[in-house]
Structure formats: C-alpha cells, structure tokens
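[1] Sequence plus predicted model, see below.
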Amino acid sequence: LVGATGDYFSNPTSYLDDPEVTWGLAALDTVDTRAQFLPLDSVIEQQLDRYVFIRNAYLQNRLNKVYDGNPPKEDFDFDD
C-alpha cells in the first residue's frame, strides 16, 4: 500500500487533468506490457502443464528477487 501510494505520486500521468489522455496512456501502457510478453506465448504453449510452468517461473523469479540475484543452493539431503 505504501509503495502503491509512492508509485501514484511519482507517475507523471497522475498530474494530468484531462481524463481522456490519462485513460489513453493507461491503455497504451497495458498494450505495451502485453506486447513484452508475446515472445513467451510460444514457450508456454509447448508446456505439458502451463499452470505448473508459470507457477515455477514466478516462484523462481520471486526467490531471485528476495536474495538479490544470488539465491542459496537447494540442499536435497542426499548424504544420508
């Protein structure tokens, strides 16, 4: 919530008085975000279980962000 408030005030479009321009820029941002993910559509379509693939990709990305790009190695306890 605090971050969203800061994002709102740091976004230049929040200071525009013309709602048509604001909505137009928001729509353009949505289309641009979708266009960035278009190359991944073919990768997702090749997966047997798309849900598991997207979930694992999200969790790996999140773990990488939590540890600033250096996540710890998994310990599978094969030494027992």
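    Arrived safely, thanks for sending.
[2] Residue ranges in the chain under the pLDDT threshold?
    80 (pLDDT under 70).
[3] Please verify my assumption that residue 71 contacts residue 61.
    No - Residue 71 is beyond contact range of residue 61, at 10.5 Å (criterion: CB atoms under 8 Å). C-beta: built from backbone N, CA, C; applies to glycine.
[4] Counting neighbours, go ahead and name the busier of those two.
    Taking neighbours as other CB atoms under 10 Å, residue 71 and residue 61 compare with residue 71 leading, 13 against 10.
[5] Can you tell me the element that one falls in?
    In the assignment (DSSP states H and E), residue 71 maps to no helix and no strand.
[6] Quick check: chain neighbours aside, which residue is closest to it?
    residue 63 (4.8 Å; CB to CB, 6 or more residues apart in numbering).
[7] what about the nearest residue to residue 16 once chain neighbours are set aside, which helix or strand?
    Closest residue to residue 16 apart from its sequence neighbours, by CB to CB, 6+ apart: residue 22 at 5.1 Å. Element membership of residue 22 [criterion: DSSP H and E] is helix 19-36.
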